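A.B. asks: Provided below for reference: sequence and predicted model.
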Amino acid sequence: KQEVTQIPAALSVPEGENLVLNCSFTDSAIYNLQWFRQDPGKGLTSLLLIQSSQREQTSGRLNASLDKSSGRSTLYIAASQPGDSATYLCAVDDSGNTPLVFGKGTRLSVIA
Amino acid sequence: GAGVSQSPSNKVTEKGKDVELRCDPISGHTALYWYRQSLGQGLEFLIYFQGNSAPDKSGLPSDRFSAERTGGSVSTLTIQRTQQEDSAVYLCASSPARSLFFGPGTRLTVL
């Protein structure tokens, strides 16, 4: 059974810092991996989707990498801003026909 | 509206009562998912609808939980005889393929 772990559970950084959020998964035979953002009291917004054949995806200040063999993904946020404060969740799609398996998320606070 | 909508946004009920939660997916999205998010926990998969196929109910925690999707569009999640441990945010998502679009959720509180 696929399990997804995110470390750290919470992170607080000063504005302007670059930071890395980590995601690990137990079964490396995945179809794709997605990173989501969740603001308090809101639903999830998809940030980046990495197909199993890809190594990374970039969107603005965000860069997500995928290393299937080691069961790891990272989300890199450059030049963090207070507006980046949210919970970031990693989710793994095992086969394209099964529901996503989510980690518990990393709660990020960017201090002005 | 262009996004997934859910109603009600908040629901407070008494233990033992039945509740219905509604999800309006994005038009044309063939897949619809229900997840549950409890305080301090990750998202827990409940049920998945894909087109006209039989739904994947493998995540439903007990037979008090059921869901239907009418006409391939609106979905209703029903919880019978609610218990305090059912308190959580219930999130619906729809998808045209594999990228999910989430609604804002329904926060259920069982007293």
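C.D. replies: Happy to help now that I have it. These numbers come from a predicted model, not from an experiment.

A.B. asks: Show me what from chain A comes close to chain B.
C.D. replies: By the rule CB under 8 Å from any CB of the partner chain, the part of chain A lying against chain B is A:4, A:31-32, A:34, A:36, A:41-46, A:49, A:89, A:91, A:93, A:96, A:98-105. Any C-beta I mention is one placed from the backbone N, CA and C, and that applies to glycine too.

A.B. asks: Tell me the residues of chain B that contact chain A?
C.D. replies: Contact residues (CB under 8 Å from any CB) of chain B with chain A: B:4, B:33, B:35, B:40-43, B:45, B:48, B:56, B:59, B:91, B:93, B:98-105, B:107.

A.B. asks: residue contacts, residue 41?
C.D. replies: You didn't say which chain, so I picked chain A. B:Pro104, B:Arg107 (CB atoms under 8 Å, 6 or more residues apart in numbering or on different chains).

A.B. asks: please go with chain B instead
C.D. replies: A:Lys104.

A.B. asks: got a pLDDT number for it?
C.D. replies: Looking at B:Gln41, its pLDDT reads 78.

A.B. asks: any idea how far it is from A:Gly105?
C.D. replies: Noted for B:Gln41: a distance of 9 Å to A:Gly105, by CB to CB, to the nearest Å.

A.B. asks: re earlier: just the buried ones among the residues of chain A next to chain B, please.
C.D. replies: Neighbour counting by 16 or more other CB atoms under 10 Å in any protein chain shown classes A:4, A:32, A:34, A:36, A:42-44, A:46, A:49, A:89, A:91, A:93, A:99-105 among the residues of chain A next to chain B as buried.

A.B. asks: hang on, the earlier thing: inside strands: which ones of the residues of chain A next to chain B?
C.D. replies: Mapping the residues of chain A next to chain B onto strands (DSSP state E) picks out A:4, A:32, A:34, A:36, A:44-46, A:49, A:89, A:91, A:93, A:101-102.

A.B. asks: Run through the chain and note the low-pLDDT ranges.
C.D. replies: Assuming you mean chain A. Within chain A, the stretches with pLDDT under 70 are A:96-97.

A.B. asks: oops, chain B please
C.D. replies: Residues of chain B that meet the criterion pLDDT under 70 lie in B:1.
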